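Asks: A predicted structure for the sequence below; I have some questions about it.
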Amino acid sequence: MKTYLKSLAILVMTVMISGATNDLHAQGSYVNSLISGMRDEGWELSENRTADLREGMSTTWYYRTFNTGLEYKVIALSEDDDVTDIDLVICYSDGQPYKSSVDESEIAEVSFQPAKDRYLKIKMTNYASDTPYYRSQCNYLIFYRY
């Protein structure tokens, strides 16, 4: 949780310092600032997946292997100001829950370090939006470190 708050603080400070506006927000400055802040903390970006989601819409399941010996952090957020709650769910390939972040938050974060190689699936949901019929660009980023 401390790392999440630190990452969020870095993100907020970077946006405030740069004088970001809604136009910059739409151009991806939040994602770029987050990536930069995570790299400063020793994380490497593995993937940045995007989807245009209306309120209540989810991505399809994305499957990948997470290797033992690595620490992972998966962060979901929207490029659009109107998304007020984004959720992230990670499950075993058989559908059993592994980790999730389903609280009422504009950023969802899940951290884990698998004890053995795991084949997992990830889904992101635009749970709530101020403009429910508008498709907002949403991202989930997969970071890792040794």
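Replies: Cool, got the structure.
Asks: I figured residue 65 hits residue 117, correct?
Replies: Yes. In this structure, residue 65 sits in contact with residue 117. The criterion is Cβ atoms under 8 Å, and the distance is 6.0 Å. In short, each C-beta sits where N, CA and C put it, glycine included.
Asks: in the protein, which spans are helices?
Replies: 2-17, 22-26, 29-40 (DSSP state H).
Asks: least reliable of these going by mean pLDDT?
Replies: Out of these, the stretch the model trusts least by mean pLDDT is helix 22-26, with a mean of 41.
Asks: in the protein, what helix or strand scores lowest on average pLDDT?
Replies: Across the helices and strands of the chain, mean confidence by mean pLDDT, DSSP states H and E is lowest for helix 22-26: a mean of 41.
Asks: which positions in the lengthiest strand in the chain come out as buried?
Replies: Among the elements of the chain assigned as strand by DSSP state E, the one spanning the most residues is strand 118-129. Judged by neighbour count (16 or more other Cβ atoms under 10 Å), strand 118-129 contains these buried residues: 118, 120, 121, 122, 123, 124, 125, 126, 127, 128, 129.
Asks: stretch 41-61 now?
Replies: Under 16+ other Cβ under 10 Å, the buried positions of stretch 41-61 are 43, 50, 51, 53, 55, 57, 59.
Asks: run through the bridge partners of the fourth one.
Replies: In this structure, residue 53 has the following beta-bridge partners (DSSP bridges): residue 136.
Asks: any idea how far it lies from residue 116?
Replies: Distance, residue 53 to residue 116, by Cβ to Cβ, to the nearest Å: 32 Å.
Asks: what does the third one give?
Replies: As for residue 51, its distance to residue 116 is 30 Å (criterion: Cβ to Cβ).
Asks: and if you look at the second one?
Replies: For residue 50, the distance to residue 116 under the criterion Cβ to Cβ works out to 30 Å.
Asks: what's around the nearest residue to residue 127 once chain neighbours are set aside, how many residues?
Replies: In space, residue 127 comes closest to residue 85 once its chain neighbours are excluded; the distance is 4.2 Å by Cβ to Cβ, 6 or more residues apart in numbering. By other Cβ atoms under 10 Å, the residues close to residue 85 number 18.
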